[in-house]
Structure formats: C-alpha cells, structure tokens
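K.L.:
compute the structure for the input listed below.
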Amino acid sequence: MPSLAHSALLILLGFLPSLIWLNFYFREDCHPEPKSLLTKVFLMGIITAPLAILFQLLLIKCAGISSLKSFCLPLGFLEPNSVEFFMWSAFVEELVKFYVISIMVLNNPEFDEPIDAMIYMMAAALGFAAIENTLIVFQTTPDGVAVTINTLILRFIGATLLHALSSGLLGYFLAISWFFQNHRKKLILTGIFLATLFHFTFNIVIFAFEGQLTALLYTTSLLLGMAFLISILFDRLKDRHPNLPFSASRQNLSI
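P.N.:
A predicted model of the protein is given here:
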C-alpha cells in the first residue's frame with residue numbers, strides 16, 4: 001500500500017504530461033483565458049472521464065450477456081477489440097469532452113473569441129487524459145520506476161497529445177460555427193465526427209501493430225500531421241476578426 005506522499009507523487013506524475021501540453025497550447029491564445037476557468041474546465045475533464053470509462057466497461061460487460069450477444073454482436077457493436085467497439089469508444093470519449101465545454105463554457109462571458117473554443121476543448125481533453133495517465137501510473141508502479149517513466153513518456157507523445165489534438169479539431173469547428181449560425185449544428189456534428197475518426201484511427205493502429213515499432217512510426221506520423229494542422233487552424237482563427245466580440249454569437253451556440 002503506497003504512502004500518502006508516494007501516492008501524491010504518482011498523481012503528480014500522471015498529471016505532468018497534461019499540464020505540459022496545456023501550458024504549451026495556452027500560449028497560442030493572444031488574449032489568455034482566466035486561469036481559474038481553465039482550471040475548472042481541466043478539473044471537469046477529470047471528473048467526467050469516469051463516465052466514458054464506465055460506459056466502455058459496460059459495453060464489454062454487456063458483451064458477456066447472452067441475451068445481448070444475439071442482438072448486438074452480429075454487428076460487432078459490443079465485441080471487445082472489434083473495429084466497431086473502437087469507433088464507439090472513441091465517439092463516447094469525444095462526446096464526453098464536448099459535454100464539459102457545453103456545461104462549463106458556452107454561456108460563460110469569458111468565452112468571447114473564436115480561438116477560445118480550441119483552448120477550452122483542449123483543456124477539457126487534457127484533464128480527461130490526466131486521469132487516464134494517473135490510473136496507468138498506479139498500474140505500472142509495481143513493475144518498477146523505469147517502466148512507469150517509459151510509459152509516461154510514450155503517453156506524453158502519444159495518448160495525451162491525441163486527446164488534445166482531437167478535441168482541438170472539434171474546437172475549431174465549434175469556433176467557426178460562430179460565423180455560420182445557419183450551419184451551426186452541422187459544423188459541430190462534423191467536428192465530433194472528425195475528432196472521433198482521428199481518435200479511432202490512432203487506437204486501431206495501436207491495436208493492429210501492438211508491440212511493434214511500426215505502431216510507433218505510424219502513430220507518430222499521424223500525430224505530427226494533426227499537430228501541424230492544429231497549428232494552422234490556430235493561426236486561421238487568430239487572423240479571423242481578432243478584435244471582434246462574440247458575445248452575441250455565443251448565445252446561440254448550445255445544441
């Protein structure tokens with residue numbers, strides 16, 4: 001049983017990758033958001049993460065129930081490690097992260113620039129990733145310090161960045177929906193779909209090439225490509241009406 005100090009250290013290690021990426025992308029905002037609200041969004045990402053994890057566990061559990069097997073498994077819907085399961089799991093995670101923003105930010109007066117959508121979405125995603133990393137740190141601790149550190153490094157450049165980038169992509173579509181109110185719902189749903197597709201692609205590559213160097217090469221290329229795209233999208237939002245207040249548009253953002 002780890003001591004309180006040891007547990008606190010493990011939690012800090014679990015949070016560290018998310019905090020580093022949050023600080024990195026926080027600097028993309030020309031008019032930085034209040035740290036208090038960013039912290040709340042980050043913490044809400046942590047709080048809501050178990051909802052996605054619970055739902056995924058329920059899907060796996062339901063796969064073992066014979067009455068549900070006959071109904072759902074022909075479609076692969078509940079089959080653990082199936083393509084459909086990976087797609088559905090990715091969708092649930094992206095939806096949970098968007099839910100954080102819908103209840104915490106969309107009607108907040110501080111949400112007054114298009115670029116804020118990407119910043120807050122990434123903050124929620126990094127909170128989500130922080131709790132995942134913390135759970136994994138506790139799981140790997142018995143295997144030794146080297147294993148824990150190596151796992152954290154891989155998650156820093158892998159899963160943690162994945163969560164930030166997928167939500168950043170969704171945040172971009174949320175941002176541009178302010179400019180196209182008539183297509184608001186379509187843009188947000190498109191953002192959720194593309195974020196899910198990116199998340200799913202990463203996970204399926206990891207699963208298909210598990211334990212192989214190929215997985216690292218493919219996922220790194222995927223993340224670098226998306227990181228470059230997210231950088232471009234940040235710049236596009238900075239250049240688009242940078243001094244225009246969006247309080248009026250914000251009132252119609254909830255779906």
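K.L.:
do you know how far F193 is from A164?
P.N.:
Shown here: F193 relative to A164, a distance of 18 Å by C-beta to C-beta, to the nearest Å. Using the backbone N, CA and C atoms, a C-beta is placed for each residue, glycine as well.
K.L.:
of the two, who's got more company?
P.N.:
A164 (30 against 14; other C-beta atoms under 10 Å).
K.L.:
can I assume that one is in contact with G127?
P.N.:
No. Applying C-beta atoms under 8 Å as the test, A164 and G127 come out as separate, 10.5 Å apart.
K.L.:
which element is the closest residue to Y172 other than its chain neighbours on?
P.N.:
Distances taken as C-beta to C-beta, 6 or more residues apart in numbering put L233 closest to Y172, at 4.5 Å, once the chain neighbours are dropped. L233 belongs to helix 213-239 when assigned by DSSP states H and E.
K.L.:
of all the residues in that helix, which ones are buried?
P.N.:
By 16 or more other C-beta atoms under 10 Å, the buried positions in helix 213-239 come out as A215, Y218, T219, L222, L223, M226, I230, L233, F234, L237.
K.L.:
can you put those residues in a markdown table and add pLDDT?
P.N.:
Converted to a markdown table, those look like this (pLDDT from 0 to 100):
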| residue | pLDDT |
| --- | --- |
| A215 | 85 |
| Y218 | 92 |
| T219 | 92 |
| L222 | 94 |
| L223 | 95 |
| M226 | 96 |
| I230 | 95 |
| L233 | 93 |
| F234 | 91 |
| L237 | 87 |
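K.L.:
save the residues you listed as TSV, and put in distance to F15 too.
P.N.:
Formatted as TSV, the buried residues of helix 213-239 follow (distance: C-beta to C-beta, whole Å):
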residue	distance to F15
A215	25
Y218	28
T219	22
L222	25
L223	20
M226	23
I230	22
L233	26
F234	24
L237	27
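K.L.:
what's the separation between D239 and Y99?
P.N.:
In terms of C-beta to C-beta, D239 sits 30 Å off from Y99.
K.L.:
again, but for L229
P.N.:
For L229 relative to Y99 (C-beta to C-beta), the value is 24 Å.
K.L.:
A175 now?
P.N.:
Look at A175 and Y99: by C-beta to C-beta, they are 18 Å apart.
K.L.:
and the two? Which one has more around it.
P.N.:
Neighbours were counted for A175 and for Y99 using other C-beta under 10 Å; A175 has more, 26 against 15.
K.L.:
right, and that one touches R236 too?
P.N.:
No. If you go by C-beta under 8 Å, A175 and R236 don't touch, sitting 9.2 Å apart.
K.L.:
list the contacts of the residue nearest to Y172.
P.N.:
By C-beta atoms under 8 Å, 6 or more residues apart in numbering, L233 lies in contact with M118, G168, L169, Y172.
K.L.:
just the buried ones from those, in PyMOL syntax?
P.N.:
Buried residues among these (16+ other C-beta under 10 Å), as a PyMOL selection:
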select buried, resi 118+168+169+172
